[in-house]
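Asker: After the sequence you'll find the predicted model.
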Amino acid sequence: MEGFVIREAGISDRAEIAEMRVLLQEHLEASNPRIWRLTELGKQQMGLKVDEMLADKDGLVLVGEEMGGLVGVAWGHVSERKDYTPQRVASINLLFVRKAFRRRGIGSLLVRKLCVFFEAKGVENVSLNYILGSIESECFWSRLGFVPLRITANTELGALKENLRALLG
């Protein structure tokens, strides 16, 4: 891909990363209307979340850049734990490619660069979360070998109380 560069993100990328994070959330909300919704305040505070990502001493934020603009972003984090094996694990906390640039291998290139970082840190296992109903995500991650191991489920409190009332009387 001529003119395409992957590099470590910096504070000068803050606004574009925040914008892409909001676009990802909107995409996910369209994929599954049951997920938690980002509020206007959440959108306004996204820059603060990006600041936290960029300050993550155990993480790496990468951006894909083409013709001077950011087209993708990835964030990975490494953790060490003594109470489980494997002990050195990583998580991919964010991967987003702008719609016009998808299906060109940019997401795969960003993940490959994260893998270099993970390997240098001695990581044995990589995990991530994605939204059910986001077919693009499900297909992408399964092609890379990710298999669902845990399910997070939610319901409205009112519905839970009603179901309990029906069960318990």
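Answerer: Yes, it's here.

Asker: can you give me the helices for the protein?
Answerer: 14-31, 40-44, 46-55, 106-120, 135-143, 157-168 (DSSP state H).

Asker: TSV for those, including distance to K99 and mean pLDDT?
Answerer: Where you see a C-beta, it was placed from the backbone N, CA and C, and this is true even at glycine. Shown next, in TSV, are these (distance: least, Cβ to Cβ, whole Å; pLDDT from 0 to 100):
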stretch	distance to K99	mean pLDDT
helix 14-31	8	95
helix 40-44	18	95
helix 46-55	18	96
helix 106-120	12	97
helix 135-143	10	93
helix 157-168	34	96
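
Asker: Next, format the ones you listed as a markdown table and append distance to S79 and mean neighbour count.
Answerer: What follows is those, written out as a markdown table (distance: least, Cβ to Cβ, whole Å; neighbours: other Cβ atoms under 10 Å):
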| stretch | distance to S79 | mean neighbour count |
| --- | --- | --- |
| helix 14-31 | 21 | 18 |
| helix 40-44 | 25 | 11 |
| helix 46-55 | 15 | 16 |
| helix 106-120 | 11 | 18 |
| helix 135-143 | 19 | 14 |
| helix 157-168 | 32 | 9 |
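
Asker: Out of the ones you listed, which is closest to V63?
Answerer: Checking the helices of the chain against V63 by Cβ to Cβ gives helix 14-31 as the closest, at 7.0 Å.

Asker: Can you add distance to V5 and give the helices of the chain back as TSV?
Answerer: As requested, those are arranged in TSV below (distance: least, Cβ to Cβ, whole Å):
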stretch	distance to V5
helix 14-31	14
helix 40-44	28
helix 46-55	18
helix 106-120	10
helix 135-143	22
helix 157-168	47
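
Asker: Quick one: closest of the ones you listed to G68.
Answerer: helix 14-31 (10.8 Å).

Asker: quick one, the closest one and helix 46-55 angle?
Answerer: 110 degrees (axes from the mean of the first three to the mean of the last three Cα atoms, to 10 degrees).

Asker: Any chance you could list what contacts helix 14-31?
Answerer: Around helix 14-31, the neighbours that count as contacts under Cβ atoms under 8 Å, 6 or more residues apart in numbering are 9, 35, 37-38, 43, 46-47, 49-51, 53-54, 61, 63, 69-70, 72-73, 94, 96, 98, 131, 133-137.

Asker: Try it again at 7 Å.
Answerer: For helix 14-31, the external contacting residues (Cβ atoms under 7 Å, 6 or more residues apart in numbering) are 9, 35, 37-38, 43, 46-47, 49-51, 63, 70, 73, 94, 96, 98, 131, 133-134.

Asker: I appreciate the help and will end here.
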